[in-house]
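S.K.: quick one, what's the 3D model for this:
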Amino acid sequence: MKNLFLKNNNEILLDLGQQIRAARIERKMSQGDLSKHSGVSVHSISNIENGKDFSVDNLISILRSLSLLENLNLLIPDIAPNPYDIAKGINNRTRVYRK
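M.R.: Sure, this is the predicted structure:
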């Protein structure tokens with residue numbers, strides 16, 4: 001999945017599906033095996049592997065079953081505190097205020 005900015009959403013979904021298929025096959029799992037282990041239907045797994053739309057809930061279940069759930073941390077990394085906020089004594093911001 002290189003050069004993601006050059007790809008449209010459908011191409012990214014297809015790449016993601018291919019990576020999930022490769023991870024499943026590497027673990028010597030059939031779509032049926034993954035379905036039983038994840039609770040996601042075989043039809044949904046097939047759709048995901050073929051680049052069709054899917055729910056985040058199904059993605060999480062599949063990643064958990066493939067022991068890849070920790071990779072979700074790469075999606076949205078932790079944000080380091082802003083040095084300016086630390087100097088001013090501002091703790092975690094929960095809201096953005098307009099001036």
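S.K.: from here on, just use CA atoms for contacts and neighbour counts.
M.R.: OK.
S.K.: what ranges do the helices span in this protein?
M.R.: Taking DSSP state H as the test, the helices found in the chain are 9-26, 31-38, 42-49, 56-65, 83-88.
S.K.: worst-scoring helix or strand of this structure, pLDDT-wise?
M.R.: One helix or strand of the chain scores below all others by mean pLDDT, DSSP states H and E: helix 83-88, with a mean of 76.
S.K.: ok so, going back, any chance of the helices of the chain in a markdown table, plus distance to P77 and mean neighbour count?
M.R.: Below are the helices of the chain laid out as a markdown table (distance: least, CA to CA, whole Å; neighbours: other CA atoms under 10 Å):
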| stretch | distance to P77 | mean neighbour count |
| --- | --- | --- |
| helix 9-26 | 19 | 16 |
| helix 31-38 | 25 | 17 |
| helix 42-49 | 24 | 18 |
| helix 56-65 | 17 | 16 |
| helix 83-88 | 18 | 10 |
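S.K.: comparing the ones you listed by mean pLDDT, which bottoms out?
M.R.: Lowest mean pLDDT of these: helix 83-88, a mean of 76.
S.K.: so how far is that helix off the chain centroid?
M.R.: Chain-centre distance of helix 83-88: 32 Å, with CA atoms, centre = their mean, to the nearest Å.
S.K.: same check, this time on stretch 41-59
M.R.: With CA atoms, centre = their mean as the basis, stretch 41-59 stands 12 Å off its chain's centre.
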